[in-house]
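Colleague: from the sequence below, what's the structure:
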Amino acid sequence: MRKLKNIVIAFLVVAALMGGGAMGYLWYSTKQQVDQIVATAKPFAEISYGGIAVSPAGSVGVNQLRIMPNFVNDAVSIGAIKLNAPNLLALLKIRWQLSQGQLPRALSISFQDVELPLHGGILGDAPASATKPSPLDHLNALGCGPVTAFGGAELQEMGYNHFVGNAEVGYRLDTVHNLLEWRIDSNTRDWMTLNLDIGFAMPAPPTTLMDLTALATPKLAKFTLVIRDDGFNSRRNSYCAAKAGKPINDYLADHVRLVIERLRANGINPGPGIIAAYQLYLREGGELTLAATPAAAINPAELPDYKPADVIKLLGLTLKVNNTAITDLTVDWDATKVARALGVEPEPVAEDTPSPVVLEKPVIIQKSFHPIPVGDLGQHIGKIAKLKTNTGVNYRGQVDAIVEGIIRITLRKSGGSVTLSLRASEITAAEVLY
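Modeller: The predicted model follows:
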């Protein structure tokens, strides 16, 4: 028994020494890197810090930072910046993995107690920009009397002297479900909390940075955005009502009306449900949750090819305000008007150079479209089909695959092609060319 006890004690001592050595290595290497960054930034900013901290749970960081940019009379204080890994061993491997071009399984960076003063040069009133503002800018200031935008002076009038907040950005590889999951969490005291969770489907989990950059346009598998009001709505409502010389309810009615008019004038027409959700969030604050759970992962670049109603169905969008589900998510938009409002010029489509025509004796093959049951489309993979949805939209293209009730069809367009995902349950008629 004594021998076993001695072995256990020896094991614990060795483990403690190894852990202490690992933490010492992380502390020393991190301090070297931080000192190098401070020296490199010297021409642009004065940076000071209190110390380096290493946690056995798998994080390393720098505490009590103070950053004073040379170009403004201001300073940023940060309680801590930390690099976080699942555990201490994973943290030790990160530098080696990155040097070898490998992708760590999970990684995040967090910023704690970031303090920005409103009266300084960073968040204070900036000089007017020479760029022409978009008509979709500063919608939150509509109806606020003479105020057209919320700058440092307006926010100070609302009662803010400085912003104090926390943020964390990170990713995780889910190799079981072939997902790359990104998460952003942030909160600003007396302002707002934001949580964003996005999942992208991959054909196979990337193991190197090259694998990640070589991926084609990622396909959206899930999306959740949660916004919680932590006091800004109430302050803004009281401030703008006073500026407009109206009761709060009258200001809110004018604000919502002006926002809708501005959106509609620029190609965006929200339905009654979305308008009601916006009104409820403005009046009561609380929490707003937007989620997407598509039946099959979809390329976001394909969405402009769908009607707005089909986009909502394909993404499986849901919207809640304070746990009250908004059942009417109707919305319409004019992509050309929206692009014009945002100042986005469409890229010219290059015309393909026609191939030389080789005259051969024509072989005449008579083909025509034949109606078939939607359930039989799987027997015609690779053929051209005409599909009609229950919303009246018609699609013509090549049937690529049918997976779990989702029909993949490639449409040929000028300058290229696009592959769409349609729910079989929403196809009312199908014809196949043969």
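Colleague: could you list the low-pLDDT ranges of the protein?
Modeller: For the chain, applying pLDDT under 70 flags the ranges 1-22, 121-131, 209, 212-217, 345-366, 413-416.
Colleague: ranges for the helices of it?
Modeller: Ranges of helices within the chain are 2-40, 88-99, 152-157, 209-214, 232-244, 248-265, 272-284, 308-315, 335-342, based on DSSP state H.
Colleague: other SSEs contacting the second one?
Modeller: The criterion is 3 or more C-beta pairs under 8 Å, 6 or more residues apart in numbering; DSSP states H and E, and the helices and strands that helix 88-99 contacts are helix 2-40. All C-beta spots, glycine's among them, are computed from the backbone N, C-alpha and C.
Colleague: ends of stretch 262-272, what's the gap?
Modeller: 16 Å (C-alpha to C-alpha, to the nearest Å).
Colleague: and what of stretch 235-255?
Modeller: Distance between the two ends of stretch 235-255: 15 Å, counting by C-alpha to C-alpha.
Colleague: which other residues reach it?
Modeller: 140-147, 150, 154, 157-160, 190, 279, 282-283 (C-beta atoms under 8 Å, 6 or more residues apart in numbering).
Colleague: only the buried subset of those, as a ChimeraX command please.
Modeller: Selecting only the buried entries of these in ChimeraX, with 16 or more other C-beta atoms under 10 Å as the criterion:
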select :141,142,143,144,147,150,154,158,160,282
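Colleague: now go through the contacts of stretch 235-255 and say which are in strands.
Modeller: Of the positions in the contacts of stretch 235-255, not one sits in strands, assigned by DSSP state E.
Colleague: quick one: contacts for Val338?
Modeller: Asn266, Gly267, Ile268.
Colleague: ignore what I typed, I meant Pro373.
Modeller: Ala430.
Colleague: re earlier: so which of the helices of the chain gets nearest Glu431?
Modeller: For the helices of the chain, the distance to Glu431 is smallest for helix 308-315, at 19.7 Å, taking C-beta to C-beta.
Colleague: helices or strands up against the closest one?
Modeller: Under the contact criterion of 3+ C-beta pairs under 8 Å, 6+ apart, helix 308-315 touches strand 331-333, strand 416-423.
Colleague: in contact with the closest residue to Leu65 other than its chain neighbours, which residues?
Modeller: Excluding its sequence neighbours, the residue lying closest to Leu65 (C-beta to C-beta, 6 or more residues apart in numbering) is Ile78, at 4.2 Å. By C-beta under 8 Å, 6+ apart, the contact list for Ile78 reads Gln64, Leu65, Arg66, Ile67, Phe111, Gln112, Asp113, Val114, Glu115.
Colleague: picking that back up, among the helices and strands packed on helix 308-315, which comes closest to Trp96?
Modeller: The nearest among those, by C-beta to C-beta, is strand 416-423 at 39.3 Å.
Colleague: just checking: what are the partner strands of the closest one?
Modeller: Strand 416-423 has the following sheet partners, assigned by DSSP bridges: strand 406-413 (antiparallel).
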